[in-house]
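sequence plus predicted model, see below.
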Amino acid sequence: MKTMFALIILCFLVTACSSSYVVTSTSSSDESSVLEFNEFAEGKEAEIILRDYVVNTATNVYLSADSLYWFNPETKLKTSVVKSEIREVMFTDMWLGGLEGAGIGFLSGGVPGLLFGATTAGLVEVEEGGWIVAWSLIGGVGGALIGFPIGLIIGHTNEYEFENSQQIENNNK
């Protein structure tokens, strides 16, 4: 049982939750507009990954119609680059990641606890179903306590990609 629990926890160590968006000048259901991107980016730190895989740490990120502007805290310079040179912009929210980790941990610990409680329910004289609920709560809380710090470390990532005019031309062909 301990081995199974350790394997489940190990599987969740290497997974992370993320959201991906494509930014266009106009918004549809699966895409994000420039205005929505700027509202989301306001006051957040980001990682900007360029086409040549150069990673920049940025604050005060602002997107215009054709360029992305940001302040680089390492060099203390304001920088800009055209959208076609950007691979993606990533924002990581560690608190949301912690909550997601706690939720996933609660479920992944609660299910084995439920199974363990179901197998030991007839061994001790207690109110019907009492041990099943107790073991699933114990497993769930244990999983949440393990999942929360893992989620804090990994975080929830919001990834933004930019649709440039060359991509639009290729999609229309």
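Done, it's in.

what ranges does the protein have for its strands?
Secondary structure of the chain by DSSP state E: the strands cover 18-24, 31-33, 46-50, 55-63, 67-72, 77-82, 86-93, 156-162.

save those as CSV, and put in distance to Thr3 too.
All C-beta atoms are positioned from the backbone trio N, CA, C, and that covers glycine. Formatted as CSV, the strands of the chain follow (distance: least, C-beta to C-beta, whole Å):
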stretch, distance to Thr3
strand 18-24, 29
strand 31-33, 43
strand 46-50, 37
strand 55-63, 38
strand 67-72, 47
strand 77-82, 49
strand 86-93, 32
strand 156-162, 29
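
most tightly packed of those strands?
strand 156-162 (a mean of 20; mean count of other C-beta atoms under 10 Å).

one step back: turn the strands of the chain into CSV, columns for mean pLDDT and distance to Glu39.
Formatted as CSV, those follow (pLDDT from 0 to 100; distance: least, C-beta to C-beta, whole Å):
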stretch, mean pLDDT, distance to Glu39
strand 18-24, 73, 12
strand 31-33, 66, 9
strand 46-50, 91, 14
strand 55-63, 90, 10
strand 67-72, 90, 15
strand 77-82, 90, 20
strand 86-93, 90, 12
strand 156-162, 87, 12
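
just for the protein, where's the confidence low?
1-2, 4-18, 25-32, 120-130, 164-173 (pLDDT under 70).

which segments of it make up each domain?
Here the domain parsing of the chain from automatic domain parsing is 19-91+155-168, 95-153.

max-length helix in the chain?
Identified as the longest helix of the chain according to DSSP state H is helix 94-120.

what's around the closest residue to Ile104 other than its chain neighbours, how many residues?
Among residues not flanking Ile104 along the chain, Gly147 sits closest, at 5.4 Å (C-beta to C-beta, 6 or more residues apart in numbering). Gly147: 26 surrounding residues under other C-beta atoms under 10 Å.

returning to that earlier point: can you state the direction angle for the longest helix of the chain and strand 18-24?
In terms of direction (axes from the mean of the first three to the mean of the last three C-alpha atoms, to 10 degrees), helix 94-120 departs from strand 18-24 by 140 degrees.

buried ones in helix 94-120?
Under the neighbour-count criterion of 16 or more other C-beta atoms under 10 Å, helix 94-120 has 96-106, 108-110, 112-117 buried.

any idea how far the closest residue in space to Leu114 that isn't next to it in sequence is from Val55?
Nearest residue to Leu114 in three dimensions, chain neighbours excluded: Ser136, at 3.9 Å (C-beta to C-beta, 6+ apart). Look at Ser136 and Val55: by C-beta to C-beta, to the nearest Å, they are 43 Å apart.
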